[in-house]
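Trainee: have a look at this fold, sequence not included:
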């Protein structure tokens, strides 16, 4: 794990007084308030009371769009109403409608110069792809970066694009983007696939044919599983008339389009007849984020977002309920308790300087959909004024693979965008809670890729500093055994208090935390 040196001067700037101060016109300190009084209102008993309801059989596993998820959002709404914490939306509605659709696994083929390639064999896609093209634009690696772009002098508007995984090197074998012998994120499919699609779509392309022989088998396994289980893919509803097509191909199909794809990197137009004949049925699904706010007392137009996902995976085929007590009932009830603590502080005249947004997102288990909708489609508050996101996803259990003190928490992403936020987090923990902060899964080479698998990522990709709080997986992960009786409520209390203290410091410091690193 990469360690970051603590610079004393920066630390002093990042962590203002651990207590909130109120100043008069001459900046003379008039009062000092300790956050501990309000942190102590976060208790095992109240967390347990909430969780035994929220992760009960009555909520049917809280699957997105299903009756149990509707019960969950109503429960959250009633809790905020009881606390007297208003809705974030100006119309007083706690619910942010997130329009979703379920696309059944598509069926069909693509034709390349008259030769048919069947879906599930040489080509893969998880949504419809239709259209006829007399040429494609080969874009090399499909990269558009600050120091390098495959799109220079290339018009892709209304066209089908062919790209491949990887990135360019110079004549000395040095990667052109990183400037070193180490590849950048563009060489990692998990980090760059979506980015490539977004860039191409943003430039008007009708779709991308993506060649990555090394990972094709992994995507094919997923496709086969979905086909065998008659499963579909949930996604944000696309209101555009023509959907953007993203198609993965193996070497056979890729070379039928452009035979020199392995050796050629330079973008060019390739004359080839490609016909996309893939159809899919989409069914609309209604779901909701739940959003409340404690308005800032001094800087109300800057926002700290605290998030957790309200959904889980529902009921198994055999009828067993996946209660999701840890995933993410633990984060959900933690958010409620943190909200209550901040509301009590505000009622006592010690409200946070910045506004604190309590964001319960739907569809996390379906692909981070609720948080994607909030950040990419309908931010209730401007992302430019969002100073940080603290995301809680599973903080009630102990990772059986981990050795050491049970009083720990995994932190992921705290140093990815802001050195100040990382140092503030360390200092707050040392002062108030003294958990063991474990950065195992913060490693850039972590094969689990947890940094990209929870809702904070949709904020991080928008250059908003984040911290992801996580206890690790266990034998009951995504199983019916994830029940509230297995939660370690003393740990849930300690971890929730850590998030509260960190939020207190971020919300009450004089200056917002500085972003000193580029989004990954």
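Mentor: On my side now, so go ahead. Not measured: the values here are computed from a predicted model.

Trainee: identify each buried residue in the host helix or strand of residue 117, please.
Mentor: Element membership of residue 117, judged by DSSP states H and E, is strand 115-118. Across strand 115-118, burial judged by 16 or more other CB atoms under 10 Å covers residue 117. To be clear about C-beta, it is placed using only N, CA and C from the backbone, and glycine gets the same treatment.

Trainee: excluding chain neighbours, what is closest to residue 220?
Mentor: Nearest non-adjacent residue to residue 220, counting by CB to CB, 6 or more residues apart in numbering: residue 124, 6.1 Å away.

Trainee: my bad, residue 490
Mentor: Nearest in space to residue 490, with sequence neighbours left out and distances taken as CB to CB, 6+ apart, is residue 44 at 6.0 Å.

Trainee: residue 132 now?
Mentor: Closest to residue 132 by CB to CB, 6+ apart is residue 275, at 4.9 Å.

Trainee: residues touching that neighbour, list them.
Mentor: Neighbour list for residue 275: 110, 111, 131, 132, 133 [criterion: CB atoms under 8 Å, 6 or more residues apart in numbering].

Trainee: so what's the residue nearest the centre of the chain up against?
Mentor: Nearest to the geometric centre of the chain sits residue 455, at 2.7 Å (CA atoms, centre = their mean). Counting by CB under 8 Å, 6+ apart, residue 455 touches 307, 308, 309, 361, 364, 368, 370, 371, 391, 393.

Trainee: show me where the stretch 401-520 of the chain has its helices.
Mentor: 419-428, 456-460, 489-508 (DSSP state H, counting those that start in this stretch).

Trainee: and for the chain?
Mentor: 8-14, 36-39, 44-54, 67-83, 189-202, 213-228, 251-257, 331-347, 369-372, 419-428, 456-460, 489-508 (DSSP state H).

Trainee: any residues touching the third one, and which ones?
Mentor: Read it as helix 44-54. Contact with helix 44-54 is made by 72, 75, 79, 325, 329-330, 332-334, 336-337, 340, 396, 484, 487, 489-490, 492-493, 496, as judged by CB under 8 Å, 6+ apart.

Trainee: for it, which positions count as buried?
Mentor: Neighbour counts over helix 44-54 (16+ other CB under 10 Å) mark 44, 46, 47, 48, 50, 51, 52, 53, 54 as buried.

Trainee: got a pLDDT number for the third one?
Mentor: Looking back up the chat, that one is residue 47. Looking at residue 47, its pLDDT is 98.

Trainee: next one: the one 3 residues further on
Mentor: If you check residue 50, the pLDDT there is 98.

Trainee: check residue 161 too.
Mentor: Reported pLDDT for residue 161: 97.

Trainee: beta partners for it?
Mentor: Counting by DSSP bridges, residue 161 forms beta bridges with residue 137, residue 208.

Trainee: can I assume it is in contact with residue 200?
Mentor: Yes. Between residue 161 and residue 200 there is a contact at 5.3 Å, judged by CB atoms under 8 Å.

Trainee: mind listing the shared neighbours of those two?
Mentor: 139, 142, 207, 208.

Trainee: the third one against residue 247, yeah?
Mentor: Yes. Between residue 207 and residue 247 there is a contact under CB under 8 Å: 6.7 Å.

Trainee: what is in contact with these two at once?
Mentor: Common contacts of residue 207 and residue 247, defined by CB under 8 Å, 6+ apart, comprise 129, 276.

Trainee: ok so, going back, now the buried members of the contacts of residue 275.
Mentor: 110, 131, 133.

Trainee: beta-bridge partners for the last one, please?
Mentor: Put plainly, it is residue 133. Per DSSP bridges, the residues bridged to residue 133 are residue 274.

Trainee: on the pLDDT front, check it for me.
Mentor: In this model, residue 133 carries a pLDDT of 97.

Trainee: show me the shaky parts of the stretch 351-500 of the chain.
Mentor: Within the stretch 351-500 of the chain, no range satisfies pLDDT under 70.

Trainee: hey, where'd the strands end up in it?
Mentor: 354-361, 386-392, 408-412, 436-438, 466-470 (DSSP state E, counting those that start in this stretch).

Trainee: got the domain ranges for the protein?
Mentor: If you go by automatic domain parsing, the domain ranges for the chain are 8-100+285-508, 106-279.

Trainee: one step back: which stretch among the helices of the stretch 401-520 of the chain comes nearest residue 405?
Mentor: For residue 405, the closest of the helices of the stretch 401-520 of the chain is helix 489-508, at 10.7 Å, according to CB to CB.

Trainee: quick one: that closest one to chain centroid distance?
Mentor: A distance of 20 Å separates the centroid of the chain from that of helix 489-508, by CA atoms, centre = their mean, to the nearest Å.

Trainee: ok, back up a step: check the residue nearest to residue 132 and give its pLDDT.
Mentor: So, for residue 275, pLDDT stands at 97.

Trainee: gap between it and residue 56?
Mentor: 52 Å (CB to CB, to the nearest Å).

Trainee: and if you look at residue 365?
Mentor: For residue 365 relative to residue 56 (CB to CB), the value is 18 Å.

Trainee: who has more neighbours, the two?
Mentor: The residue with more neighbours, out of residue 365 and residue 56, is residue 365; 22 against 17, by other CB atoms under 10 Å.

Trainee: was I right to think that one contacts residue 62?
Mentor: No. The pair residue 365 / residue 62 is not scored as a contact, 9.0 Å apart, by CB under 8 Å.

Trainee: common neighbours of these two, please.
Mentor: 311, 312.

Trainee: rewinding a little: what's next to the strand holding residue 117, contact-wise?
Mentor: Strand 115-118 has contacts (CB under 8 Å, 6+ apart) with 109, 110, 111, 123, 249, 252, 253, 256.

Trainee: what about 7 Å?
Mentor: Contacts made with strand 115-118 from outside it, assessed by CB atoms under 7 Å, 6 or more residues apart in numbering, are listed as 109, 110, 123, 253, 256.

Trainee: check the offset of that strand from the chain's centre.
Mentor: For strand 115-118, the distance to the chain centre is 36 Å (CA atoms, centre = their mean).

Trainee: quick one: average pLDDT of it?
Mentor: Here strand 115-118 scores 96 as its mean pLDDT.

Trainee: what pairs with it, parallel or antiparallel?
Mentor: Assessed with DSSP bridges, strand 115-118 is paired to strand 107-112 (antiparallel).

Trainee: residues touching the closest residue to residue 496 other than its chain neighbours, list them.
Mentor: Excluding the flanking residues, the one nearest residue 496 by CB to CB, 6+ apart is residue 334, at 4.1 Å. Residue 334 makes contact with 308, 392, 395, 492, 496, 499, according to CB under 7 Å, 6+ apart.

Trainee: redo that, cut-off 10 Å
Mentor: 42, 47, 50-51, 306, 308, 328, 392, 395-396, 469, 492-493, 495-500 (CB atoms under 10 Å, 6 or more residues apart in numbering).

Trainee: just residue 73 next, same as before
Mentor: 62, 94, 95, 287, 288, 289, 290, 310, 311, 360, 362.

Trainee: and the pLDDT for the first one?
Mentor: Confidence per residue is given as pLDDT, and for residue 62 that number is 98.

Trainee: and if you look at residue 278?
Mentor: 94.

Trainee: run through the bridge partners of it.
Mentor: Going by DSSP bridges, residue 278 is paired in beta bridges with residue 108, residue 129.

Trainee: weakest of the helices of the chain in terms of mean pLDDT?
Mentor: Comparing mean pLDDT across those, the weakest is helix 8-14, with a mean of 31.

Trainee: tally of neighbours for residue 393?
Mentor: Using other CB under 10 Å, residue 393 has 24 other residues around it.
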